[in-house]
Each structure stands twice: as structure tokens, then as C-alpha cells.
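S.K.: take a look and give me a structure for this.
(one chain, ligands or ions: 2)
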Amino acid sequence: MMETELTIVILAAGLGTRMKSAKAKVLHSAGGQTLIEHVVDTALELTRPDRVFVVVGHQAEQVRKALGSRGVQFIEQVEQKGTGHALIAGRKALSPLPGQLVVLYGDCPLVSAGTLRRLIARQRESGAAATLITTTLEDPTGYGRVLEDAAGRVQAIVEQKAATAEQLRVKEINSGIYCFTAAEFWAHVDRIRPDNPAREYYLTDIVEILGRAGHTVRSMRIAEPAEVLGINNRIELAQVDALFRGRKVEELMLAGVTIEMPETVTIDSGVQIGMDTVIEPFARILGSTSIGEECVIGACSILEDSQLGRGVLVGPFTIIHSSHLEDGAQAGPYSRLRMGAHVETGAHVGNFVELKKTRLGAGSKAMHLAYLGDSDIGQGVNIGAGTITCNYDGVDKHATKIGDGAFIGSNSTLVAPIEIGERAYLGAGSVITHAVPPEALGIGRARQVNKEGWARRRRKA
Ligand code: UD1
Ligand code: CA
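M.R.: Ligands and ions are numbered 1, 2, ... in the order given. Take a look at the predicted model:
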């Protein structure tokens, strides 16, 4: 059958009172993305950005910002008088658009593009004026109940607040996902009245209205209720988050990633991980992080917006943010890398070492207890335990440069701006305030004095 034109409207204007939050509900995150981003990205799998409309109201600016460069359209619903009212608010932009009209709720982020495609095809082929997704829930509390006649046509949806005791026993619920024939929808939407206990314009009333006008409304029942779970409070937010996490780890495991105790790890949807990489328990891998093949991510490590090459070893309890580790690099246990730290091929960063805006050249090592900030460190450099770059003078940050092959003795203090030449040595415990030329030995510490018998004399006194 011929494809028809498709418009998708996503309702996202409500505050979400039951979230008990100053932040609009659709701006809360699950699976590492805001709810509205999930829904919009699914919609964009089905139609062009100029045919995806988001109804905004509460914190409209932040919602627009969250959707950034996706290029979707926005409709302002200044006062939130219900889901039906949200569509009426968009009448001017929406009603001239022919074809099919899909309505989604911004608080229902798990629905897949595949399920929506089936809904759209079903509505088109059945000739019904509307088809809506339903499912059966053991505990349907809070959802609209779907009333059907003997022939399986949907007669009405009754909201929890308006339902009779008998209707409340119905376990078939309205998912809030609908596909309409746009022309029929716009011809009848004005009949929705706020004649319910909440004084709201319920979109769900359109079902009965279409029926009375002689149209058919059908349901598409889905077996997997998880896909249509709506989020109204933070318990449901956590449940949906867990479902997203579960989907992601399963996808990665099927693609050849070993994940130990997968129920303990947190991996955002945008993360990429190569084959034969091992993720140990309680790791958190967030944002746009990408990890190559054959890496190990140690237990309890946190990686965010970072790039790891092939065969990178990250020890337990390591925190890596906005940084880059090349092939064969190692970090941790207990390292912290941030703000554009760059660990080149085969370089090692060990326990209690912090790198900030610092390049550690190929094969270089900083194995214990060091702070290396605003530094450019060459290849084959050894950074002794306890080395500190003094990059901050209380007003400005200054750079440190260390040439290839240099040996920085333990407990060196490098007062920036400073440059240590290639293959130079620094004596342990030095405070270095002047440049050290290549191949030189720099020592900046008081000479040791031994006072013979001093301890004995002190005891007698
Ligand atoms: C709605 C349905 C219910 C269904 C359930 C599925 C109605 C009347 N009820 O109930 O049948 O079982 O979803 O999850 O539609 N919104 C606006 N403007 C408004 C009001 C709401 O944009 O004026 C947006 C909200 O931001 C939210 C979505 O619409 O994203 C749904 O609103 P919500 O209040 O959560 O509806 P439910 O009570 O869950
Ligand atoms: Ca809801």
C-alpha cells in the first residue's frame, strides 16, 4: 500500500506534579538521556524533522535546548489544560498537514520505532479513523482504561479519576500512543470538553467522539508492557532507567563485549565498546565515551565523554572525564584523568595520579602519587612518585613542558611556567623554578647535613 504523509506530535508541556520536582518531567533522564530526547529520537527514525512537533510549556526554553540541533518544530502551550488542549494549541501549524497524525507523550520513552511502524501500517490498512496502542497491566492504576465492544472496536477511554468502580477493574490500558487520520482528527477535536473532575481537555475523549460520528477506532494490543511504561514519579523513572540499562548491556554483550555482573554497571545509550573488551562490576560508562577492542575497564571505574583505543587497561576505581587514551595505554587503579588529558600509546598512569589538560607521551610513566596539570610531557619520560606541577599561582594557570626521555626524580616540585629539557634528570625532592637544559641534572634542595651524636646529646639534656 502507498505510504501516506506522516506528522508526529510529542506532548511535553506538563510540569509533572507527581515527580515533586522544580524541573519539568521530560527533562529528567533515564538511560543517560532526557526523556524528551528519547522520544524525539524515536520519532526522527520515522519522519523528517520538519514533521516532528514538540508541544512545550513548562520550561519551554530548557526543553528546546535539550533537543539542540535536531531541527524539530515547537508548539507553545502557554497554559496546560490537558492533553487534548495541547493538540488544540498546535492547530494552526498541524491541521493543514495531510496524511497520518501520530501522537506520543514525552513521558513514555521506551516505545520503539518498530512498534510505531506497525501501528502506522495497521491504522492505514484498517481504515479506522484512529488506532491506539494498548496493553494489559496487572496493576493498571493511574492509566486510562480502554473500553471495547464485542467486535473489538474501542468505544471509549476512561481516565482513572473519572472511572466507575467497574471500569477501574479493566486491566487493558491506554498507552497514550495513537495514530489518527489527520483530517478526521481535526474535524472532531473541538468536541473535546473539560467536563471531568480535573476540568481538563482529555485527548482520550476523542475516541468516543469519533465513535459517535460513525468512525471506527481500533486498538493494537502489545504483549510487552515495558515499551509503553509512562513515567509519572521517580519510582517509575528508576524502573524505566533500569530497562534502558538492561537493553544497552544486552546489545553490547550480543556484540561481543564481556560484562561481569551486568546488573551492576551503568552504560549510557550513546556509548560504544569494541569486541572482547571486559567491563568489570560497578563500572559507569557515560556520555559519548567510545572504547576500542580488547580493553579492560576495572571495577567501580567511571568514564565519561572519553575515547579509549585498543587494548587499554583501566584499573579499578579510576575516574576518566573528557580524556583520550591511545592503544595499549594504562590508567589506574585509583587514577584521575580530566579536561583533555591525553595518554599516548603504551603510557602508564598509576595509583593516585591526577592528569589535567596534560599530554603524557608514548611509553611515559607516572606510576604513583602525582599531580600533572597543564603539562606537555614527551615520550619515554619517567615521572617519580610525588611529583607535582605547581601550575597555579593563585591568579593564573601556567604550563610545564618536559622533553623526551627526561627523568623526574621523586617528590619533585615543578614551579610553572617551566621547561625541562630532553633526557635531563631532576634530583629527588627538588623544587625546580628555572628551566633545566637537555641532558643536564637539575637539583634544587638543601644539602644534607649529619650531626654526629646529636640524638644522644638531646636525650641527656
Ligand atoms: C495519559 C492518558 C492516559 C494514559 C497515560 C499513559 C490523557 C487524558 N490520559 O495520562 O489515558 O493511560 O497517559 O501514560 O491523555 N501534557 C501536555 N500538556 C498538558 C497536559 C499534559 O503537554 O496540558 C503532556 C505531559 O507533559 C506528558 C503527557 O502530556 O508528557 C501526558 O500527560 P500526563 O499528565 O502524564 O498524562 P497521564 O495522567 O499519565
Ligand atoms: Ca503520564
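S.K.: write out the residues of the protein neighbouring ligand 1.
M.R.: Within reach of ligand 1 by C-beta under 6 Å from any ligand atom, the chain has these residues: 11-14, 26, 55, 77, 80-83, 85-86, 105-108, 143-144, 157, 159, 173-176, 202-204, 230, 232. (Glycine included, C-beta is placed from N, CA and C.)
S.K.: so for residue 102, what's the pLDDT?
M.R.: Here, the pLDDT recorded for residue 102 equals 98.
S.K.: that one and residue 5 touch, don't they?
M.R.: No - look at residue 102 against residue 5 with C-beta atoms under 8 Å: they stay out of range, at 11.3 Å.
S.K.: am I right that residue 245 sits in a helix?
M.R.: Yes - under DSSP: H, G, I helix; E, B strand; the rest coil, residue 245 falls within a helix.
S.K.: so it is in contact with residue 267, correct?
M.R.: Yes - the pair residue 245 / residue 267 is scored as a contact, 6.8 Å apart, by C-beta under 8 Å.
S.K.: higher neighbour count, these two?
M.R.: residue 267 (27 against 21; other C-beta atoms under 10 Å).
S.K.: correct me, but that one touches residue 248?
M.R.: Yes - between residue 267 and residue 248 there is a contact at 5.0 Å, judged by C-beta under 8 Å.
S.K.: avg pLDDT for whichever strand or helix holds residue 370?
M.R.: Here residue 370 sits within strand 365-373, counting by DSSP states H and E. For strand 365-373, mean pLDDT is 98.
S.K.: which neighbouring elements make contact with whichever helix or strand comes after it?
M.R.: Toward the C-terminal end, the helix or strand that comes next after strand 365-373 (DSSP H and E) is strand 375-377. Applying 3 or more C-beta pairs under 8 Å, 6 or more residues apart in numbering; DSSP states H and E, one finds that strand 375-377 makes contact with strand 359-360, strand 400-402.
S.K.: show me what the next helix-or-strand element following the last one pairs with in its sheet, parallel or antiparallel.
M.R.: Which is strand 400-402. Downstream of strand 400-402, the first helix or strand assigned by DSSP H and E is strand 407-408. Next to strand 407-408 in the sheet, as set by DSSP bridges, lie strand 382-383 (parallel), strand 425-426 (parallel).
S.K.: wait, which of the ones you listed is closest to residue 212?
M.R.: strand 382-383 (78.8 Å; C-beta to C-beta).
S.K.: quick check: residues of this structure near ligand 2?
M.R.: Contact residues (C-beta under 5 Å from the ion) of the chain with ligand 2: 107, 230, 232.
S.K.: burial of the second one, as a residue count?
M.R.: Counted with other C-beta under 10 Å, residues neighbouring residue 230 total 20.
S.K.: before we move on, what about the first one?
M.R.: Other residues near residue 107 come to 24 when the count uses other C-beta under 10 Å.
S.K.: ditto for the one 3 residues further on
M.R.: A count of nearby residues for residue 110, using other C-beta under 10 Å, gives 23.
S.K.: check residue 395 too.
M.R.: For residue 395, the count of nearby residues is 5 (other C-beta under 10 Å).
S.K.: mind checking which of residue 102 and residue 5 has more residues around it?
M.R.: Using other C-beta under 10 Å, the more surrounded residue of residue 102 and residue 5 is residue 102, with 24 against 12.
S.K.: tell me which residues touch that one, please.
M.R.: Residues near residue 102 by C-beta atoms under 8 Å, 6 or more residues apart in numbering: 6-9, 43, 46, 116, 119-120, 177-180.
S.K.: of those, grab the buried ones for PyMOL.
M.R.: The PyMOL command for the buried members of those (criterion: 16 or more other C-beta atoms under 10 Å) is given here:
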select buried, resi 6+7+8+9+43+116+119+120+177+178+179+180
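S.K.: restricted to strands, list the contacts of residue 102.
M.R.: Of the contacts of residue 102, the ones assigned to strands by DSSP state E are 6, 7, 8, 9, 177, 178, 179, 180.
S.K.: which one of these is nearest residue 307?
M.R.: Closest approach to residue 307 among the ones in strands among the contacts of residue 102 (C-beta to C-beta): residue 8, at 33.8 Å.
S.K.: the closest one reaches residue 48, doesn't it?
M.R.: No - if you go by C-beta under 8 Å, residue 8 and residue 48 don't touch, sitting 9.9 Å apart.
S.K.: now residue 435: how far from residue 114?
M.R.: 63 Å (C-beta to C-beta, to the nearest Å).
S.K.: compare those two (neighbour count), which wins?
M.R.: Remark: of residue 435 and residue 114, residue 435 carries more neighbours, 14 against 11, as counted by other C-beta under 10 Å.
S.K.: which residues does the more buried one contact?
M.R.: Residue 435 makes contact with 418, 419, 420, 421 under the criterion C-beta under 8 Å, 6+ apart.
S.K.: beta partners for the second one?
M.R.: Just to be clear, that refers to residue 419. Judged by DSSP bridges, the bridge partners of residue 419 are residue 401.
S.K.: nearest spatial neighbour of the residue of the chain found nearest ligand 2, chain-adjacent residues omitted?
M.R.: Relative to ligand 2, the nearest point of the chain is residue 230 (4.0 Å; C-beta to the ion). Once flanking residues are discounted, residue 230 sits nearest to residue 108: 4.7 Å by C-beta to C-beta, 6 or more residues apart in numbering.
S.K.: now for the one you found, how many residues are close by?
M.R.: Neighbourhood size, residue 108 [other C-beta under 10 Å]: 22.
S.K.: could you do the one 4 residues further on as well?
M.R.: Residue 112 has 13 neighbouring residues, counting by other C-beta under 10 Å.
S.K.: isn't it up against residue 227?
M.R.: Yes - here residue 112 lies in contact with residue 227, judged by C-beta under 8 Å, at a distance of 6.3 Å.
S.K.: quick one: the residue of the stretch 251-400 of the chain found nearest ligand 1 from residue 289, how far?
M.R.: Per C-beta to the nearest ligand atom, residue 269 is where the stretch 251-400 of the chain lies closest to ligand 1, at 19.9 Å. According to C-beta to C-beta, residue 269 and residue 289 sit 11 Å apart.
S.K.: comparing these two, which residue is more hemmed in?
M.R.: Each of residue 269 and residue 289 has its neighbours counted (other C-beta under 10 Å); residue 289 has more, 24 against 16.
S.K.: all helices of this protein, in order?
M.R.: Under the criterion DSSP state H, the chain contains helices at 35-44, 60-66, 83-88, 91-94, 113-126, 165-168, 182-188, 205-212, 234-254, 454-460.
S.K.: what about the stretch 201-350 of the chain, any weak spots by pLDDT?
M.R.: The model of the stretch 201-350 of the chain has no residue with pLDDT under 70.
S.K.: and the residue of it nearest ligand 1?
M.R.: Residue of the stretch 201-350 of the chain nearest ligand 1, by C-beta to the nearest ligand atom: residue 230 (2.8 Å).
S.K.: residue contacts, that residue?
M.R.: Neighbours of residue 230 in contact, by C-beta under 8 Å, 6+ apart: 105, 107, 108, 143, 175, 176, 236.
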